[in-house]
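# task: produce atomic coordinates for the following.
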Amino acid sequence: MAKGPTVKELLAQAGELGLSLGRLVLRLQAEELETTEQALRLKMLENLQVMRQAVVEGMTGTRRSMSGLVGGDAKLLEERRLAGKSLSGDVLARTAARALAVAEVNAGMGKIVAAPTAGSCGVLPGVLLTLAEETGARDELLLEALFAAAGIGMVIASQASISGAQGGCQAECGSAACMAAAAGVELAGGDPVQAAHAGAMALKTMLGLVCDPVAGLVEVPCVKRNAAAAANALLAVDMAMAGIKSNIPLDEVIWAMDQIGSAMPCSLKETAQGGLALTPTALQVREGFLGNRER
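Got it, this is the predicted structure:
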């Protein structure tokens, strides 16, 4: 399969045409799919509406997973924030709560947008919906940020992987954090180069993250990793907007992630045969869940 453009190539095109990363990706996709930019915007708006609804539903705390392991944590974190007790600050707590909310909806079989996967679906909406509120960005800019995220996601999928079964959780929550950081910079008014630095910094901190789902379910530790990845992305946005640069270019970080994923044993890639999935508590959960299903 032929590989798509690299981040470096996208940055060169954006600079040459004087476009933001999101607007460039939108133009390239319209050309490749032989459709109009307006049609793609409308499709992305549908995705945005699904993200928003998932946040609203998740915040109610009523969506529970079949195992009973997941549900209600987003509401708890949000209540603590609203009470003014958050030690991490209002923006970070709001971001994390929303990331939890969407991931809990996914675990409860609700409707979400895989961004880039179902297991990492909370990161992007958690970061972007919060930053849009903070910056006062209209939906038009929010949609362009989503296209920026999509562009970075396509590079990762082409050059490495977004599959936990292939590359571990670094390929899912790590990729989501990278996408959210790059898109967050765009939403905050940064340029494509800053977006790439943010993506690189977010992904670097998640290299080597294994995929070790308890009982083989996309619940524990997946849901809470969404919150952590969102917080990571938010910090990367702040660093990039402050002028901090990644010493390793994003393309090379993606290459490193691919190499690490290939070296990672299969027991740590979504098989539930290692890591947290083999802890005594996890084994008890697995036995109880599978036993109940068999009875």
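# am I right that residue 178 is in contact with residue 199?
Yes - between residue 178 and residue 199 there is a contact at 4.3 Å, judged by C-beta atoms under 8 Å. From N, CA and C alone the C-beta is placed, and that goes for glycine too.
# give me the common contacts of those two.
Here residue 178 and residue 199 have 152, 250, 253 as joint contacts, going by C-beta atoms under 8 Å, 6 or more residues apart in numbering.
# what's the span of stretch 211-229, first residue to last?
14 Å (C-alpha to C-alpha, to the nearest Å).
# tell me the buried residues in it?
211-215, 217-229 (16 or more other C-beta atoms under 10 Å).
# out of these, list just those in helices.
222-229 (DSSP state H).
# tabulate the residues you listed in JSON lines, adding columns for pLDDT.
As requested, those are arranged in JSON lines below (pLDDT from 0 to 100):
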{"residue": "222", "pLDDT": "98"}
{"residue": "223", "pLDDT": "98"}
{"residue": "224", "pLDDT": "98"}
{"residue": "225", "pLDDT": "98"}
{"residue": "226", "pLDDT": "98"}
{"residue": "227", "pLDDT": "98"}
{"residue": "228", "pLDDT": "98"}
{"residue": "229", "pLDDT": "98"}
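# which one among these gets closest to residue 72?
residue 223 (10.9 Å; C-beta to C-beta).
# what sits against that closest one?
Neighbours of residue 223 in contact, by C-beta under 8 Å, 6+ apart: 70, 73, 100, 103-104, 107, 122.
# quick one on the thing from earlier: ok, and the most crowded of the shared contacts of residue 178 and residue 199?
residue 250 (30 neighbours; other C-beta atoms under 10 Å).
# ok, and the closest non-adjacent residue to it?
Excluding the flanking residues, the one nearest residue 250 by C-beta to C-beta, 6 or more residues apart in numbering is residue 200, at 4.1 Å.
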